[in-house]
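Trainee: What shape does this take:
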Amino acid sequence: RRSTWPTTRAAAAAAAQREAAELNHGSTRQRIHQRIMGEELKQLPSDAVSATCIAPVNIAVIKYWGKRDEKLVLPTNDSLSGTLDPRAMRSRTTIVASKSFESHSMTLNGKTVSVESNKRLMAVITTLQDMAGKEDWKNFGLQITSDNNFPTAAGLASSASGLACFTKCLAKVYGIPDTKLEQLTGVARQGSGSACRSLHGGFVMWDMGKSTDGKDSLAKQIVDESHWPEMRVLICVVSKGEKKTGSTLGMQSSVKTSHLLKYRAEKVVPQRMEEMIKAIKAKDFDAFAKLTMTDSNQFHAICLDTDPPLFYMNDTSRDIIEEINEFNNTPKGIRAAYTYDAGPNAAIYLLEKDFEDCLAMLVKQFCPKGYDPRDFVFDPMGLTSYNSKGNKASSGSQGFDYSKLPDSGVKMIIATKVGAGASIIS
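Mentor: I've put the predicted structure just below:
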């Protein structure tokens, strides 16, 4: 496969700067199609309406695991997450709508994806058409081009960023105003549960709701990205491949067989949500970190309590936990908080003052012998000292070329922070 990484440090820096400029300032539709999406802009039909959107990953600190309604994607408990800055990890989607398109078509990371046979995508499309209130939209076909600049289906919340991006982008095409953002979180939820949280920036709560129709199961911003500016996040990429058991199937199995899941949802999460919201608003990192790690551990205990058990973490995941525990075992107290979603990749929340020390420790422990640390850390925002040492920047529709990474242990570390939610860039 042709490499999509720039081949020199100068090219890497230039590509990173272009990417950041586009995320910050937007771009024209022609440039997005020609350079960002990696293909020549074709002559659009006269009735065409198009938009391009980016959406970030979110990493839950109080986990969502299990649905009480599969069709409407209604969760068994509330959840809460931090939205990560899209300049480091993001999904990007361009949608063109026209009556001249006989059907919907989609590519994801350059591969064709069926739209009509995907119930989640079709649920988002039909719900947004109803919200738009224009009967004519049902006569428009959609051409959808989407890409992630990080591994898809590997436990890095690609479905959350992807479906949030799709929802926000299509809402723009259909002319749905931004004032209906909270309603849009309910639409994104039908595509992928956690997607509802990626529409907002900062720290976001997904209220499970009580109504059987799901109208009150919405995501609400607790604080925006400016509330806790010192908060940083390190992502340790342990797997670049798809996980053996997807989240949807895993949840279904846990709901059917895990007694611990029901106890957690009913007895533990309500109190834990109150404590987490209080810690975030007070910027109490010690309380935040303890709750984050405890909830991650309990989530994976539920996975083990499932029949047959679900193994989303691996030996490298557990090695990272041991290193973080050792990092925290000093008179300085808790300085870093690990959390794992349904995959082996670690997300580590920590404050700016401890960011460099923790990163240096992880690089020392996990950067493969003989491998240049400058190629091990991706820091597009200049948050660490590694930024000046030649970052790998995404380029083209494929994003990072993960085939260049080592085959075992931690593949790379992404340095990022809490950031903004989904946004229209064209």
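Trainee: Could I get the full set of helices for the stretch 301-426 of the chain?
Mentor: In the stretch 301-426 of the chain, the helices defined using DSSP state H, counting those that start in this stretch lie at 315-328, 352-366.
Trainee: which helices and strands sit right next to the longest one?
Mentor: In terms of contacts (3 or more Cβ pairs under 8 Å, 6 or more residues apart in numbering; DSSP states H and E), helix 352-366 is packed against strand 231-237, helix 315-328, strand 412-417. Just so you know, the C-beta spots here come from the backbone N, C-alpha and C atoms, and that holds for glycine as well.
Trainee: Who are the packing partners of the last one?
Mentor: Taking 3+ Cβ pairs under 8 Å, 6+ apart as the contact definition, the neighbouring helices and strands of strand 412-417 are strand 231-237, helix 352-366, strand 377-378.
Trainee: mind listing what it pairs with, with the direction of each?
Mentor: Strand pairing for strand 412-417, determined by DSSP bridges: strand 231-237 (antiparallel), strand 377-378 (parallel).
Trainee: returning to what we had before: as JSON lines, the helices and strands packed on helix 352-366 with mean neighbour count, distance to residue 216 and mean pLDDT would be great.
Mentor: Below are these laid out as JSON lines (neighbours: other Cβ atoms under 10 Å; distance: least, Cβ to Cβ, whole Å; pLDDT from 0 to 100):
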{"stretch": "strand 231-237", "mean neighbour count": "24", "distance to residue 216": "29", "mean pLDDT": "96"}
{"stretch": "helix 315-328", "mean neighbour count": "17", "distance to residue 216": "35", "mean pLDDT": "97"}
{"stretch": "strand 412-417", "mean neighbour count": "23", "distance to residue 216": "31", "mean pLDDT": "94"}
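Trainee: Can you list the low-confidence ranges for the stretch 101-250 of the chain?
Mentor: Across the stretch 101-250 of the chain, the ranges flagged by pLDDT under 70 are 151-157, 240-243.
Trainee: Hmm, I typed the wrong one, I wanted the stretch 301-426 of the chain.
Mentor: For the stretch 301-426 of the chain (pLDDT under 70), the answer is 388-408.
Trainee: 90 instead?
Mentor: 368-376, 378, 380, 386-409, 411-412 (pLDDT under 90).
Trainee: Verify the stated contact: residue 112 with residue 106.
Mentor: Yes - Residue 112 is in contact with residue 106 according to Cβ atoms under 8 Å; the separation is 7.3 Å.
Trainee: ok, now which ones touch the spatially most central residue of the chain?
Mentor: For the chain, the residue nearest the mean C-alpha position is residue 57 (1.9 Å; Cα atoms, centre = their mean). Shown in contact with residue 57 (Cβ atoms under 8 Å, 6 or more residues apart in numbering): 83-84, 89-90, 150, 156-158, 160-161, 198.
Trainee: if I pick the nearest residue to residue 328 once chain neighbours are set aside, what's in contact with it?
Mentor: Among residues not flanking residue 328 along the chain, residue 334 sits closest, at 4.8 Å (Cβ to Cβ, 6 or more residues apart in numbering). By Cβ under 8 Å, 6+ apart, the residues touching residue 334 are 285-286, 289-290, 328.
Trainee: Now which of the residues you listed would you call buried?
Mentor: Among the contacts of residue 334, those buried by neighbour count (16 or more other Cβ atoms under 10 Å) are 285, 289, 328.
Trainee: Which one of those is nearest to residue 251?
Mentor: Closest approach to residue 251 among the buried ones among the contacts of residue 334 (Cβ to Cβ): residue 289, at 26.1 Å.
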